[in-house]
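J.: I would like the atomic coordinates for the input below:
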Amino acid sequence: MAKNVICLWYNGTAEDAAGFYARTFPNSAVTAVHHAPGDYPAGKQGQVLTVEFTVLGIPCVGLNGGRAFKHSEAFSFQVITEDQAETDRYWNAIVGNGGAESACGWCKDRWGLSWQITPRALLEATTSQDQAAAKRAFEAMMGMKKIDIAAIEAAMKSEGRRVIAANL
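T.: Predicted structure coming up:
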């Protein structure tokens, strides 16, 4: 096991969640399932206690710790996508498997874990040296749930068209 591992708390569903992540994302796998050697507050001896897995190469452990804690937006996986098809594929997999849409490229899986499905084009647009274009892209993003790359690119270019037309 790696020295630094993300530990995610589940209410008895760590194995299901890890399996979904392994099926959905490349460079992801369930690497071990450990059963409780004795009874514990959230379960009984022999039940799945922890699940070791990777998500996009990030080592994680899912702990079936019970109902005491829930996931929040304070932690999320940010997945950088290269095109609209990849953005759609991950978004639709998470939301279509009992998850929920949120705003600005964020969604939650059915276990309550937050994900940011973030096209590289969005990051480049909102961090552009052209501050006016970056602001337009940012404002366009603020009205979206799933990120629409074509709309972000159009927002980046929109002011430039007006300036050119005004100079003719």
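
J.: all contacts plus neighbour counts: C-alpha atoms, from now on.
T.: Will do.

J.: Spatially central residue for the protein, please.
T.: Geometric centre of the chain, nearest residue: Trp115, 2.1 Å, by C-alpha atoms, centre = their mean.

J.: Check which helices and strands the helix or strand hosting that one is in contact with.
T.: Element membership for Trp115, per DSSP states H and E: strand 114-119. Contact here means 3 or more C-alpha pairs under 8 Å, 6 or more residues apart in numbering; DSSP states H and E; on that basis strand 114-119 packs against strand 76-81, helix 84-96, strand 106-108.

J.: Deepest-packed of the ones you listed, please.
T.: Comparing these on average neighbours per residue, with mean count of other C-alpha atoms under 10 Å, the densest one is strand 106-108 at a mean of 23.

J.: Could you tell me which other helices and strands it packs against?
T.: Using 3+ C-alpha pairs under 8 Å, 6+ apart: strand 106-108 touches helix 84-96, strand 100-101, strand 114-119.

J.: I'd like to know which of those lies nearest to Leu49.
T.: The closest approach between Leu49 and any of those, judged by C-alpha to C-alpha, belongs to strand 114-119 at 22.1 Å.

J.: tell me how far the closest one is from the chain's mean position?
T.: 4 Å (C-alpha atoms, centre = their mean, to the nearest Å).

J.: Alpha carbons only: can I get it in CSV?
T.: Written as CSV, here are the backbone C-alpha positions of strand 114-119 (Å, rounded to 0.1, in the frame of the first residue of the first chain):
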residue,chain,number,x,y,z
SER,A,114,-18.4,14.7,-5.4
TRP,A,115,-16.8,14.7,-8.8
GLN,A,116,-15.6,17.6,-10.9
ILE,A,117,-15.7,16.6,-14.6
THR,A,118,-13.5,19.3,-15.9
PRO,A,119,-12.5,19.7,-19.6
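
J.: Using PDB, write down the CA coordinates of the very next helix or strand once past that strand.
T.: Note on strand 114-119: by DSSP H and E, the next helix or strand toward the C-terminus is helix 120-126. Provided in PDB are the C-alpha atoms of helix 120-126 (Å, rounded to 0.1, in the frame of the first residue of the first chain):
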ATOM      1  CA  ARG A 120      -9.000  20.800 -20.100                       C
ATOM      2  CA  ALA A 121     -10.500  23.500 -22.500                       C
ATOM      3  CA  LEU A 122     -12.300  25.000 -19.500                       C
ATOM      4  CA  LEU A 123      -9.200  25.300 -17.400                       C
ATOM      5  CA  GLU A 124      -7.300  26.900 -20.300                       C
ATOM      6  CA  ALA A 125     -10.200  29.300 -21.000                       C
ATOM      7  CA  THR A 126     -10.700  30.400 -17.400                       C
END
